[in-house]
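>>> Just to be clear, the model below is a prediction. Sequence and coordinates:
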Amino acid sequence: MTPILVTGGAGYIGSHACKVLAREGYLPVTFDSLVTGWSQAVKFGPLEQGDLTDRARLDEVFARWKPAAVMHFAALSQVGEAMAQPGRYWRNNVQGSLTLIEAAVAAGCKDFVFSSTCATYGDQDGVLLDEDTPQAPLNAYGASKRAIEDMLRDFAASDGLNHVIFRYFNVAGADPEAEVGEFHQPETHLIPLVLDAVAGRRAALTVHGTDYPTRDGTALRDYVHVMDLVEAHVAGLRWLQDGKGSRVFCLGTGTGFTVREVIAAAEAVTGKVVPITDGPRRAGDAVALVSGSARAKAELGWQPKRSTMAQMIEDAARWHRGNGYGA
Ligand SMILES: NC(=O)c1ccc[n+]([C@@H]2O[C@H](COP(=O)([O-])OP(=O)(O)OC[C@H]3O[C@@H](n4cnc5c(N)ncnc54)[C@H](O)[C@@H]3O)[C@@H](O)[C@H]2O)c1
Ligand SMILES: O=c1ccn([C@@H]2O[C@H](COP(=O)(O)OP(=O)(O)O[C@H]3O[C@H](CO)[C@H](O)[C@H](O)[C@H]3O)[C@@H](O)[C@H]2O)c(=O)[nH]1
């Protein structure tokens, strides 16, 4: 089995990537500090515990496994925290990625798949975003991801680092077999918080901002199922292995849902009322972020299969009933 180094494999998206990589015949080797991840989520290959900023530890892991490629999910990714503590984001995400890239290049591992984000775009007046839309991040999280994108381009020029950059829109849902799922503490993402409110695990969901220039005043996002997202990563890995070179792909569905529309969909799926409280806008949030994904469809042959809102909520709810990794 070909080893693939999966940084952040103990986290939400990385653990789903490990499941799909193992299913496709690869050996996913997780590299994770467990700062926001869970050792219980590492089920499909070995766990190498370590921090991205620890070059000696990375060198050991590259020497031990000789991975054919890196899938780099590890990052801090909370917008609110990034607004309050930008230094943590620049240090962990940017310095950590630089250390990882240098270790990969030194080990001769030159195929690199990177998790970027629609948060690199900032506010764009509701236009459909694509790979050529100029990036103008609103917070240190988005800025750190844009900096890493730039870093990858520089190392491609200097050292032949082939990279696929995926700019994800809002990732949701869970493994339909509920072996892994989304479990953040604290949770900041809308769909798990809606499900917590439905289950009575929190008193109410706060709607962050009701005066946005959208159809119902709440912010609009493009939600993509985590299984569809990680399948695109396997296609991205094959793209690199086939020698097709460095490329950026947006991963979304092209359909935007407002916060109130997500709440209504959760009520339809669960048959329960979501208790809500209207609150102010959350600092660092954009009005609307929706992607075309035409390139991923045309060039990678990517087709989202589970990314309807109802399916994402249903899969998230199935996982949620198991109480995450805290059970
Ligand atoms: N969840 C989303 O909607 C979304 C959207 C766009 C982009 N992303 C990106 O996808 C990636 C994965 O997101 P997620 O939701 O799975 O997050 P997560 O917090 O669940 O997983 C991140 C993992 O990285 C690990 N990690 C963080 N810093 C580390 C370090 N310095 N060294 C080693 N391990 C470290 C954490 O312990 C955790 O297991 C992130 O890069 C994030 O920015 C996520
Ligand atoms: O309790 C909540 C939580 C969220 N929201 C709203 O729901 C929408 C979605 O919020 P999420 O926190 O679920 O996700 P974000 O849109 O903030 O996603 C951002 O952070 C993610 C990582 O955490 C990704 O990187 C993503 O690309 C980036 O835009 C936003 O309008 C937010 O204001 C609420 O109204 N109430």
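Alright, I've got the coordinates. Numbers count the residues shown, from 1 in each chain. Ligands and ions are numbered 1, 2, ... in the order given.
>>> can we go C-alpha only for contacts and neighbour counts from here?
Noted.
>>> for this protein, which helix is longest?
Scanning the chain for the helix with the most residues, using DSSP state H, yields helix 140-159.
>>> Get me the contact residues on the stretch 151-300 of the chain for ligand 2.
Contact residues, the stretch 151-300 of the chain versus ligand 2 (CA under 6 Å from any ligand atom): 168-170, 188-190, 193, 205-208, 219, 259, 282.
>>> Flag the shaky bits of this structure, pLDDT-wise.
Within the chain, the segments meeting pLDDT under 70 span 327.
>>> all helices for it, in order.
Under DSSP H, the chain gives helices at 12-23, 55-65, 79-84, 86-89, 96-106, 140-159, 190-199, 226-241, 259-270, 294-300, 309-321.
>>> any bit of stretch 33-44 sitting next to ligand 1?
Yes. Counting by CA under 6 Å from any ligand atom, ligand 1 has neighbours in stretch 33-44: 33, 34, 35, 36, 37.
>>> what about that stretch, near ligand 2?
No. On the criterion CA under 6 Å from any ligand atom, stretch 33-44 is out of touch with ligand 2, staying 11.8 Å away.
>>> Could you write out the alpha-carbon coordinates of stretch 174-194 in PDB?
The C-alpha trace of stretch 174-194 is given here as PDB (Å, rounded to 0.1, in the frame of the first residue of the first chain):
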ATOM      1  CA  ALA A 174     -20.400  13.000   8.200                       C
ATOM      2  CA  ASP A 175     -19.400   9.500   7.100                       C
ATOM      3  CA  PRO A 176     -22.700   7.800   6.300                       C
ATOM      4  CA  GLU A 177     -21.400   4.800   8.300                       C
ATOM      5  CA  ALA A 178     -20.800   7.100  11.300                       C
ATOM      6  CA  GLU A 179     -17.300   5.700  11.900                       C
ATOM      7  CA  VAL A 180     -16.000   9.300  11.900                       C
ATOM      8  CA  GLY A 181     -17.700  12.700  12.000                       C
ATOM      9  CA  GLU A 182     -17.500  16.300  13.000                       C
ATOM     10  CA  PHE A 183     -16.500  16.800  16.700                       C
ATOM     11  CA  HIS A 184     -15.100  20.200  17.500                       C
ATOM     12  CA  GLN A 185     -14.800  21.500  21.100                       C
ATOM     13  CA  PRO A 186     -15.800  24.200  21.100                       C
ATOM     14  CA  GLU A 187     -18.100  23.800  18.100                       C
ATOM     15  CA  THR A 188     -18.500  26.900  15.900                       C
ATOM     16  CA  HIS A 189     -20.000  25.400  12.800                       C
ATOM     17  CA  LEU A 190     -23.600  26.000  12.000                       C
ATOM     18  CA  ILE A 191     -25.000  22.600  11.300                       C
ATOM     19  CA  PRO A 192     -23.700  20.800  14.400                       C
ATOM     20  CA  LEU A 193     -24.800  23.700  16.500                       C
ATOM     21  CA  VAL A 194     -28.300  23.500  15.000                       C
END
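>>> Okay, buried residues for it please.
Buried residues in stretch 174-194, counting neighbours by 16 or more other CA atoms under 10 Å, are found at 174-176, 178-184, 190-194.
>>> Next: stretch 207-219.
Neighbour-count burial for stretch 207-219 [16+ other CA under 10 Å]: 207, 208, 209, 210, 212, 218, 219.
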